[in-house]
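> below are the sequence and a predicted model; questions follow.
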Amino acid sequence: MLSGQPVRRGRLPSVASADIRRAARRLLTEAGPEAMTLRAIARDLGVTAPALYRHYGSHEDLADALRAEICLDLAEDLAAEAAAEPDDGLLQLFAICRGFRRWALTHAHEFTLVFASPHRARTDGPRRYEEPFGRVFLAAAGRLLTAYDPVLPPVETIPEGVREDLVRYRGELLAMLSGTGASFPADKLDLGLTYLMITLWARLYGHVTLEVFGNYPLPVSDPEALFDTVLADLARDFGITQGAG
């Protein structure tokens with residue numbers, strides 16, 4: 001373009017939202033969340049950054065859309081793993097837990113974006129993009145809890161400061177369980193079971209997070225065996241003594 005020639009302000013190049021997410025995910029998997037900038041995505045697609053704003057109002061909007069896509073893909077994979085097991089709630093739940101760990105270890109950047117991003121500290125209700133993933137876990141837990149009678153912590157042993165939170169979360173769990181199609185008896189989901197489910201998830205998530213980021217307090221020569229032991233401990237906390245297989 002000659003110096004001093006007026007700039008033509010025509011229409012911005014067209015780009016599809018699916019192409020934007022595909023480019024963002026490629027950058028994410030190759031170099032991590034920090035590499036997934038709007039400028040880098042636009043450069044990868046051969047467009048200018050303003051062209052992306054037709055589909056996503058901000059970088060965080062795009063990141064949330066990508067989280068939703070990742071969670072949906074993960075949920076489908078975990079559901080397939082559970083379906084490949086016999087019709088046993090415990091075996092299916094273990095398959096999902098193992099599948100989640102395996103996915104996290106092989107998709108560390110995606111795990112970081114979805115499950116370990118600082119922005120996730122929110123208090124305005126459940127994160128909608130996590131629902132497909134959560135429903136897979138809850139469907140298996142529902143099958144498990146209809147087949148076994150868990151040993152629940154007495155309500156008086158639950159910290160008083162979290163009881164109101166548990167009441168609210170119980171309603172969210174029931175709503176999600178109803179969406180799984182599982183015939184889960186709602187009366188079983190009292191505060192004790194709600195508290196147990198939250199603490200067990202915290203332990204599972206904590207273990208996987210330590211392993212993904214290499215933060216075990218000591219070198220572990222057989223992490224598979226250690227994880228199986230964790231699953232067996234979780235089952236015992238539910239009052240189930242069947243082996244983790």
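Good, I have the coordinates. Numbering: from 1, shown residues only.
> for residue 168, see how far away residue 190 is.
For residue 190, the distance to residue 168 equals 14 Å [CB to CB, to the nearest Å]. C-beta coordinates here come from the backbone N, C-alpha and C atoms, glycine included.
> same question for residue 88.
From residue 88 to residue 168 the distance is 32 Å (CB to CB).
> which SS class is residue 97?
Three-state call for residue 97 (DSSP: H, G, I helix; E, B strand; the rest coil): helix.
> is it in contact with residue 231, as I believe?
Yes: assessed by CB atoms under 8 Å, residue 97 is found in contact with residue 231 at 5.9 Å.
> between those two, which has more neighbouring residues?
residue 97 (23 against 20; other CB atoms under 10 Å).
> ok, the more buried one to residue 187 distance?
When CB to CB is applied, the distance between residue 97 and residue 187 equals 26 Å.
> report the buried residues of the helix or strand bottoming out on mean pLDDT in the chain.
Ranked by mean pLDDT, DSSP states H and E, the weakest helix or strand in the chain is helix 131-147, scoring a mean of 76. For helix 131-147, a neighbour-count test (16 or more other CB atoms under 10 Å) marks 131-145 as buried.
> what of stretch 205-213?
Judged by neighbour count (16+ other CB under 10 Å), stretch 205-213 contains these buried residues: 207, 208, 211, 212.
> between the residues you listed, which is closest to residue 65?
Residue 65 lies nearest to residue 212 out of the buried residues of stretch 205-213, by CB to CB, at 23.0 Å.
> what is the nearest of the buried residues of stretch 205-213 to residue 59?
Taking CB to CB as the measure, residue 59 sits nearest to residue 212 out of the buried residues of stretch 205-213, at 23.6 Å.
> now do the longest helix seen in the chain: distance to the chain's middle.
Taking DSSP state H as the assignment, the helix of the chain that covers the most residues is helix 59-83. Mean-position distance between helix 59-83 and its chain equals 8 Å (CA atoms, centre = their mean, to the nearest Å).
> which residues touch that helix?
Residues outside helix 59-83 that contact it (CB atoms under 8 Å, 6 or more residues apart in numbering) are 17, 20-21, 24-25, 28, 33, 36-38, 41, 52, 55-56, 92-93, 95-96, 98-100, 103, 110, 113-114, 117, 119, 127-133, 135-137, 139-140.
> list only buried entries from the residues you listed.
For those, a neighbour count by 16+ other CB under 10 Å gives the buried set as 20-21, 24-25, 28, 33, 36, 38, 41, 52, 55-56, 92-93, 95-96, 98-100, 103, 110, 113-114, 127, 129-133, 135-137, 139-140.
> for this protein, give me the ranges with low pLDDT.
1-13, 119-130, 146, 179-185, 241-245 (pLDDT under 70).
> show me the domain layout of it.
Domain assignment for the chain, taken from automatic domain parsing, gives 12-57, 60-237.
> let me know the closest of the buried residues of stretch 205-213 to residue 235.
residue 207 (14.3 Å).
> now name the helix or strand holding the closest one.
Taking DSSP states H and E as the criterion, residue 207 maps to helix 191-212.
> which strands and helices sit next to the helix or strand just after that helix?
Downstream of helix 191-212, the first helix or strand assigned by DSSP H and E is helix 223-237. Helices and strands touching helix 223-237, by 3 or more CB pairs under 8 Å, 6 or more residues apart in numbering; DSSP states H and E, are helix 89-106, helix 191-212.
> tabulate these (CSV), appending distance to residue 177.
Putting the helices and strands packed on helix 223-237 into CSV (distance: least, CB to CB, whole Å) gives the following:
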stretch, distance to residue 177
helix 89-106, 13
helix 191-212, 11
